[in-house]
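Undergrad: Got a predicted model here, sequence first, then my questions.
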Amino acid sequence: MAQKVWMITGASRGFGAEIAKAVLAAGEKVVASARKIEGLDHLGDSENLFKVALDVTNEEQVIKAVNSAAKRFGRIDVLVNNAGYGLLGAVEESSAKEIENLYRTNVFGLLNVTRAVLPTMRKQHSGHIINMSSVGGYASGAGFGLYCSTKFAVEGIGEALSAELAPLGIHATIVEPGYFRTDFLDSSSLDTTKERISDYAETVGKLRGVAAEKNHQQPGDPKKLAKALIQLVNVPDPPVRLPLGTDALARIAEKNAFVDKETAKWRILSASTDF
C-alpha cells in the first residue's frame, strides 16, 4: 500500500493522540494539530510527523495550516476531524454563549478544516474524510442534548459529503464511538452548564453523577479504535457510518427498534397528509 498522509485535528490527547501514534507506528505520515503545539510533544519527533498549532475555529489559521501541510508532504490522503468537546446539562440550562462555543468547535470548526482540505483532495482525485461523531449523533438523550445536536449536524454533513464526493474519488465516513476510556468525561473535555435547575434533578442531575462514575471505566479501548481507523482507510468500499463499540451497536439497535415501533403506531396519521 502507498504511504498515506493523515491530518488529525485535536491530536494532543484522547482519540486524536491514539490515532496519531498508531498511524506513525504503521509507517505513515501524520500532520498532527492542536490548539497549543506543545500539547503534541508526547508524539516525539520524526520525519513522518509535522506538528501544527491549529484552532479549528480560526478559519485563517486553518487555511494556513492545511497549506503548510500540503507543502510539507505534497498531499493529504486522510483527514480525521477529531477536535471537539462535550457539554453536560439540560437544554434549558444551556446558555446562548455555551451553545455558541460548542457549535463553533464541533460543527463550524469541522467545516472550516473540511473546506480547507477538499481542494487538495479534489486535485488528487482521492482522499478520505473521517468525521468523528458519536453514538450520541445517532441517538440523543437527556443531559447531552446540545452536544448530541452538534453530532447530529456532523452526521448530516457527513451523509451529504459522502454523496457529493463519491463521484470525485473521495470517501467520507462518519465514525460513531460509544463510551471509550479517554478523558472525554474529564473537565478537560466535558464542560457542564453553569446553571442548574432543580426540576431536572431526577434526569440531568442523576446523569452528572453517572458520568463521574463512568470516567475511566468506559468499555471501549481507544488504541483499538485507532487500529480500526487504519483498517477503515485501506478498504475500497468504506461505509458512510461506522459505529465502534458494543455499547454503540446496542444503542443504535435500540433507537432503530423505537423508531420502527413509533412509525408503525402513527402510520395512518402520517400517511393522511398527502393530496
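TA: Thanks, I have it.

Undergrad: By average pLDDT, which secondary structure element in the protein comes out worst?
TA: Every helix and strand in the chain was compared by mean pLDDT, DSSP states H and E; the lowest is helix 206-214, with a mean of 72.

Undergrad: what about the next helix or strand after that one, average pLDDT?
TA: With elements assigned by DSSP states H and E, the helix or strand that comes after helix 206-214 is helix 222-232. Across helix 222-232, the average pLDDT comes to 94.

Undergrad: what's the answer for stretch 74-89, then?
TA: Rounded mean pLDDT across stretch 74-89 is 94.

Undergrad: ends of it, how far apart?
TA: End-to-end span of stretch 74-89 (C-alpha to C-alpha, to the nearest Å): 44 Å.

Undergrad: Which positions within that stretch qualify as buried?
TA: 75-89 (16 or more other C-beta atoms under 10 Å). For the C-beta atoms, the positions are set from N, CA and C on the backbone; glycine is no exception.

Undergrad: For the stretch 1-150 of the chain, which residues score under the pLDDT cut-off?
TA: 1 (pLDDT under 70).

Undergrad: just the strands in it please.
TA: 5-8, 29-34, 49-53, 78-81, 86-88, 127-132 (DSSP state E, counting those that start in this stretch).

Undergrad: Tell me which stretches of this structure form helices.
TA: 14-25, 59-73, 96-103, 110-124, 145-165, 206-214, 222-232, 246-265, 267-271 (DSSP state H).

Undergrad: Quick one: closest of the ones you listed to residue 38.
TA: When the helices of the chain are compared by C-beta to C-beta, helix 14-25 sits nearest residue 38, at 13.6 Å.

Undergrad: Alpha carbons of the closest one, as PDB, please.
TA: Extracted in PDB, the C-alpha atoms of helix 14-25 (Å, rounded to 0.1, in the frame of the first residue of the first chain):
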ATOM      1  CA  GLY A  14      -7.800  11.200  23.600                       C
ATOM      2  CA  PHE A  15      -8.700   9.700  20.200                       C
ATOM      3  CA  GLY A  16      -6.500  12.100  18.300                       C
ATOM      4  CA  ALA A  17      -3.400  11.200  20.200                       C
ATOM      5  CA  GLU A  18      -4.000   7.500  19.900                       C
ATOM      6  CA  ILE A  19      -4.800   7.700  16.200                       C
ATOM      7  CA  ALA A  20      -1.600   9.800  15.500                       C
ATOM      8  CA  LYS A  21       0.500   7.200  17.400                       C
ATOM      9  CA  ALA A  22      -1.000   4.300  15.600                       C
ATOM     10  CA  VAL A  23      -0.600   5.900  12.200                       C
ATOM     11  CA  LEU A  24       3.100   6.800  12.900                       C
ATOM     12  CA  ALA A  25       3.700   3.200  14.100                       C
END
